[in-house]
Every structure is written in structure tokens, then in C-alpha cells.
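1. Okay, sequence plus prediction incoming.
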Amino acid sequence: MPLPTSFKSFALGFAIYTLVGTGAYGVTPFTSATITRIENHVSLGSHAGGNEHPASLHDVIEADTYLYTEDKSRAELEFPDHSIVRIGQNTVFSFDAASRTLSLEKGAMLFYVPPGSGGGHIKTPSLTAAITGTLGKVSLNTIAILSGSLMTPWGIIHAGEAVTVISGDVRIYKFDQSQAMAGRLVAWGGPLPEVPEAGGKTTAMYGLPDTHIWDILGISQVNQRYHSPFIKPTGPPTAPKPPAAPGTTPYP
């Protein structure tokens, strides 16, 4: 049965959005990144196996390499198009060149992809999404957008919103934007574009854990700190059922 027009439009839109991040328009692939800041114990390794060794400031990381941070350890990477990734403690991070995919395999990260750079993708064990010019926080089950937007199979996630997976269910919700800049990675290494300087009343916010991904339990219980309770996406529309033949029982 042919798919409904609304579903075709959704699928086409996501495909176009995805192509923007795959080099379809001649954008620079993520072939390498340079370590621009490092703290404590950070290692480099190859997905092909073996050869894990300590990372150093100014090391250039190739696309087939992963970065691993231990407890109380962090790293910042900058790509040739000035995209920036800050990796929290106890994190495993890698990236794919052609699709411009930033992959969080474990832990937490903060990312900034400049507007007009060609976009890309964010991938975690439970979520995959397309981005254009975007600033966001990522944990294994959550992507929170501070600036720009995120395209997912469940719709667009705007600034001030997050998408998360809990017990297999995908939820989209608005978070308290007064907490958007909380977390050590926001100020660690200096302010990112679109992020204010640390200081004043916000100093305590920057001292919170790396990305300060908001308390999922609190959100699920409709904590008053948040603008709204969970909104469970309905997903793409399904094809309508055909009408029942005359004299027969309608479809349930």
C-alpha cells in the first residue's frame, strides 16, 4: 500500500537533512581533529585493535581513532572547520570522516558545529540525529540542544529541548534554560561560541559535573524546575486502514 504523503514528506526531509552532513555539498569531512586542551589521563587507540597510548596536547587524531578519558580527565578537540568537541571524564569518543559523525560510545560530551560548516551527525548507543549549526550536550541516552536544532526520526529538537531514551521509549521535553550552561565542560578551556564567559552568579553552575545532563528521574516525575512534563512523540504517521467492504465488520 502506498505510504501517505505526510510520511513521504517526513522521510524526504530527514534524507535531505542527512545529506547535508555527509559531504553531499562539498563540505569538509571530519578526517582529523587536533587536541587543543587536555587534563589528566587521556588515551588514544585504534578501533582496529591495539596500540592504545597516552594522548598529548596538539596530537592530531585520525578518523579511525578513539579517544578515552579516565576519571577526572577531559579533552578538547578542534576540527579543521572549527567544530569543537569537549569530552568529559570516563568517556570514549570517535568520529567518522565522510558522514561527519561524532560518536559518543560512553560518557558525556559537549559539541559545537558552526553554522554553515556542513552539519553532521551525533551518534550514541541509543540515538542518532542530524545537525546543522548546533551547540549541544550529549550523554548515552540524551541529547540536549542549547543553540540551533537537531533533526531526528521523531521530529526537530529545537534550542531549549532535549530528546532522551528511557526503557526503550523516546521522549522529547523542554528543560529549564536557566540551567542550560551548567556543567564544567561549558567553561573548561574557555567559552565556546555563543556561550557566555564564566563568572558571577554562574560560577557554581560551571562547577557541576561535566555536561550536567539533567536528572532524568526528576523530569519523568514532572519536576517543577522544568517547563513541561515529558512529551512522548507519536512517531511518523502510519498508513490508514482501507475501508471495510459493505456488509462486513469494520477494522478495529
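-> Received the coordinates, thanks.
2. The closest residue in space to Thr28 that isn't next to it in sequence: neighbour count?
-> Excluding the flanking residues, the one nearest Thr28 by C-beta to C-beta, 6 or more residues apart in numbering is Asp81, at 5.0 Å. Every C-beta, even on glycine, is put in place using the N, C-alpha and C of the backbone. By the measure other C-beta atoms under 10 Å, the count of residues near Asp81 is 16.
3. what does Leu146 give?
-> There are 21 residues near Leu146, going by other C-beta under 10 Å.
4. Distance of it relative to Ser46?
-> Remark: distance between Leu146 and Ser46 (C-beta to C-beta, to the nearest Å) = 32 Å.
5. same deal with Glu62?
-> Distance from Glu62 to Ser46, by C-beta to C-beta: 9 Å.
6. ditto for Gly107
-> 19 Å.
7. more crowded one of those two?
-> Gly107 (20 against 13).
8. Could I get the phi/psi values of the more buried one?
-> When read as degrees, to the nearest 10, the backbone of Gly107 gives phi 100, psi -140.
9. Same check on the one 10 residues further on?
-> According to degrees, to the nearest 10, the main-chain angles of Ser117 amount to phi -80, psi -10.
10. Count residues in the vicinity of it, would you?
-> So Ser117, with other C-beta under 10 Å, has 19 neighbours.
11. Check what pLDDT it gets.
-> pLDDT for Ser117: 76.
12. Surely the residue nearest to Thr28 touches Ser117?
-> Yes. Assessed by C-beta atoms under 8 Å, Asp81 is found in contact with Ser117 at 4.4 Å.
13. Overlap of the contact sets of the two?
-> Here Asp81 and Ser117 have 27-28 as joint contacts, going by C-beta atoms under 8 Å, 6 or more residues apart in numbering.
14. one step back: doesn't the residue nearest to Thr28 lie inside a strand?
-> No. Read with DSSP: H, G, I helix; E, B strand; the rest coil, Asp81 is coil and lies in no strand.
15. need the contact list for it.
-> Listed by C-beta under 8 Å, 6+ apart, the contact set of Asp81 reads 27-28, 114, 117-118.
16. if I read this right, Gly183 contacts His212, doesn't it?
-> Yes. Under the criterion of C-beta under 8 Å, Gly183 makes contact with His212 at 3.6 Å.
17. pLDDT score for His121?
-> You'll see His121 listed with a pLDDT of 91.
18. just for this structure, where's the confidence low?
-> Within the chain, the stretches with pLDDT under 70 are 1-26, 50, 194-207, 213-252.
19. Which stretches in it count as helices?
-> 5-20, 184-187, 203-206, 216-220 (DSSP state H).
20. In contact with Ser126, which residues?
-> Ser126 is in contact with 140-141, 165, counting by C-beta under 8 Å, 6+ apart.
21. Looking at the residues you listed, spot the one nearest Gly189.
-> Leu140 (22.6 Å; C-beta to C-beta).
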